[in-house]
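*Asks:* Next come a sequence and a model predicted from it.
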Amino acid sequence: MASGATDRCLPYFTYYTSTRLLGEHVPYPVEAWPEGNQRHLSAESALYCRVITEGLFGINPTGLNKFMMTPSLPKGWNYMRLKNIKAFDRCFDIEVTRQGVNELVVVKMDTGKMIKKTWNGKNSVEIEF
């Protein structure tokens, strides 16, 4: 997804989510054994989160209070949202909405401050708090 092949990867990600996250073998942040005699690796949960933060949203920290973002909104989606992110010493939401040929990136902080940027689908968007 981070390389721009979101639509190619999405079916695999959807299948993985339905079988591992919603199925009988659930990834936990810590090893969850002996529940059902199914051992889990703690790294599996961390990697799952990275697919969303780095793959779909393309979040790349560049400083203590800023990051670059290269979202990969799948063609069949009109928007995607990541809520209650706790990073950069604050709490915020990110929403990416399709608007014609561009996408609108909105970062809403719990303080009420909002950052809005139009994204052309090429260059990364810089978000600085």
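*Replies:* Cool, got the structure.
*Asks:* State the distance spanning the first to the last residue of stretch 54-73.
*Replies:* The stretch stretch 54-73 measures 12 Å between its terminal residues, going by Cα to Cα, to the nearest Å.
*Asks:* Tell me the buried residues in it?
*Replies:* By neighbour count, with 16 or more other Cβ atoms under 10 Å as the criterion, the buried positions of stretch 54-73 are 54-59, 67, 69-73. For glycine as for every other residue, the C-beta is placed from the backbone atoms N, C-alpha and C.
*Asks:* Take those and write them to TSV, including pLDDT and distance to residue 9.
*Replies:* Conversion of the buried residues of stretch 54-73 to TSV gives the following (pLDDT from 0 to 100; distance: Cβ to Cβ, whole Å):
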residue	pLDDT	distance to residue 9
54	89	12
55	87	7
56	91	9
57	94	14
58	93	13
59	95	17
67	97	22
69	95	18
70	94	15
71	93	14
72	89	9
73	90	13
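*Asks:* And the furthest pair within those residues?
*Replies:* Between any two of those, the greatest separation by Cβ to Cβ is 17.6 Å, found for 67 and 73.
*Asks:* So what's the residue count around residue 53?
*Replies:* For residue 53, the number of neighbouring residues by other Cβ atoms under 10 Å comes to 15.
*Asks:* mind checking how far it is from residue 104?
*Replies:* Residue 53 sits 19 Å away from residue 104, going by Cβ to Cβ, to the nearest Å.
*Asks:* domain assignment for the chain?
*Replies:* Structural domains of the chain, as assigned by automatic domain parsing, span the residue ranges 1-56, 57-129.
*Asks:* The shortest one spans what distance, first to last residue?
*Replies:* Distances were taken as Cα to Cα; on that basis the terminal residues of domain 1-56 are 6 Å apart.
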